[in-house]
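>>> Would you be able to build a 3D model of this:
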Amino acid sequence: MRGGDRSERRWPPSFRTPSSSPPSPSRASRPATAPGPAPDVPGRVVRVDRGQCDLVTPLGTLRADTEFVVPRDPLRVVCTGDWAVVDATGNPPYVRALLPRRTAFVRSTSSKRSEGQVLAANVEHALIAVSLAAEVDLGRIERFLSLAWSSGAQPVLVLTKADLVPDETTRSHLLADAATSAPGVPVLAVSAETGEGVDELAAAVAGGTTALLGQSGAGKSTLANALLGRAAQTVRTVRDRDHKGRHTTTTRNLLPLPAERGGGVLIDTPGLRGVGLWDAEDGLGHTFAEIEELAADCRFADCAHVAEPGCAVLAAVESGTLPERRLDSYRKLLRENARLAARTDARLRAEQHREAKQRQALGRHMMERKRGPRRRS
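Numbers count the residues shown, from 1 in each chain. As a prediction, the model looks like this:
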């Protein structure tokens, strides 16, 4: 949110939706006849800067210090979408406490310390924006969806720049491929330039908190402006040589959606070049639901779907009912999630090391049996 707009912005009544209203802060310590504004008020974070954040409160939009709620855990830092208790009488006002999150979209950072980064909090819908101006990366879609399901939000896959694919047959094939990679997820083709699909998308996310996520160049800022009904976000063109974006959005901002479209709020996020998994086991189960269902019919409960006899997943690949690409993507993301879990959990790391040694020993044993007993010279 840009500096001069903070005091003038009018937040619609739909800002306080039943599903995103915070618990009332305790007033036990307040004087019964305290003059002026109450010291503690609830607020929702609409933007975070270094050491400070902007919050919407019953007293209006406040800028507050966050130094009293700086934790060592990076997953508990103040994030756009958080609900907080603010001491409005402080000079300056400051955040006294963060309230528990219902949902949080988290990715792992590129840091060697295996830290998680919260991108948006208390979100009902996660819009995954994918541009049709470039080749659609189905594996990246599955990665985003796994994180979205793990966050606790309902993912919605938005294929942007649909006007650049005027051929209906080509577009239907792209939609079908995307739908195959997103079971149980609404898939919408949208063009912010022509308005195609915008009303349908607005209706799908009305009344709640929606996070807009995707790579740079996916058209998120243009889509955000179309949903907001005004030019709130700066838009830049992608590079012609590789269709990559230029990081137009640099902060995560919570913006009110128009009441005539159902209200709610939108969290626009900067483009993501790296999307590492973070505690995404449940999300992988949702994203690859058909593989999880097939796995229930495998002969062995611990089937790895590699070469085991009686594997229902491999049988589906051989019959053509399950694309081999889906299985490869599933294996890849499972391995990545397991590696991350092992790096953050010493006990699990030791267990995986022990299992690896057992597999090596079994492999040597099977090789010796295949070769037969050695002859003594």
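
>>> alpha carbons only for contacts and neighbour counts from here, please
Will do.

>>> Please identify which helix or strand holds the residue nearest to Ala231 when sequence neighbours are not counted.
In space, and not counting its chain neighbours, Ala231 is closest to Asn225: 5.2 Å by CA to CA, 6 or more residues apart in numbering. Assessed by DSSP states H and E, Asn225 sits inside helix 220-228.

>>> Give me the mean pLDDT for the helix or strand following that helix.
Next in sequence after helix 220-228, counting helices and strands by DSSP H and E, comes strand 253-256. For strand 253-256, mean pLDDT rounds to 94.

>>> partners of strand 253-256, with directions?
Strand 253-256 sits in its sheet next to strand 265-268 (antiparallel), going by DSSP bridges.

>>> Just the CA trace of the strand it pairs with, in CSV.
The C-alpha trace of strand 265-268 is given here as CSV (Å, rounded to 0.1, in the frame of the first residue of the first chain):
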residue,chain,number,x,y,z
VAL,A,265,-9.6,-8.6,0.3
LEU,A,266,-6.8,-9.5,-2.0
ILE,A,267,-3.1,-10.1,-1.0
ASP,A,268,-0.9,-9.4,-4.0
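
>>> could you point out which element follows that strand?
The helix or strand immediately downstream of strand 265-268 is helix 281-287, counting by DSSP H and E.

>>> Which positions in that following helix come out as buried?
281, 283-287 (16 or more other CA atoms under 10 Å).

>>> Lowest pLDDT pick from those?
Lowest pLDDT of the buried residues of helix 281-287: Glu281, 92.

>>> residue ranges with poor pLDDT in the stretch 251-377 of the chain?
344-353, 372-377 (pLDDT under 70).

>>> got it, and the stretch 1-150 of the chain?
Flagging of the stretch 1-150 of the chain using pLDDT under 70 yields the residue ranges 1-38, 110-114.

>>> hey, where'd the strands end up in it?
Secondary structure of the stretch 1-150 of the chain, counting by DSSP state E, counting those that start in this stretch: strands at 40-49, 52-57, 60-65, 83-87, 94-98, 104-108, 116-121, 125-131.

>>> between these, which gets nearest to Arg273?
Closest approach to Arg273 among the strands of the stretch 1-150 of the chain is made by strand 104-108 (11.6 Å; CA to CA).

>>> That's all I had, so thanks and see you.
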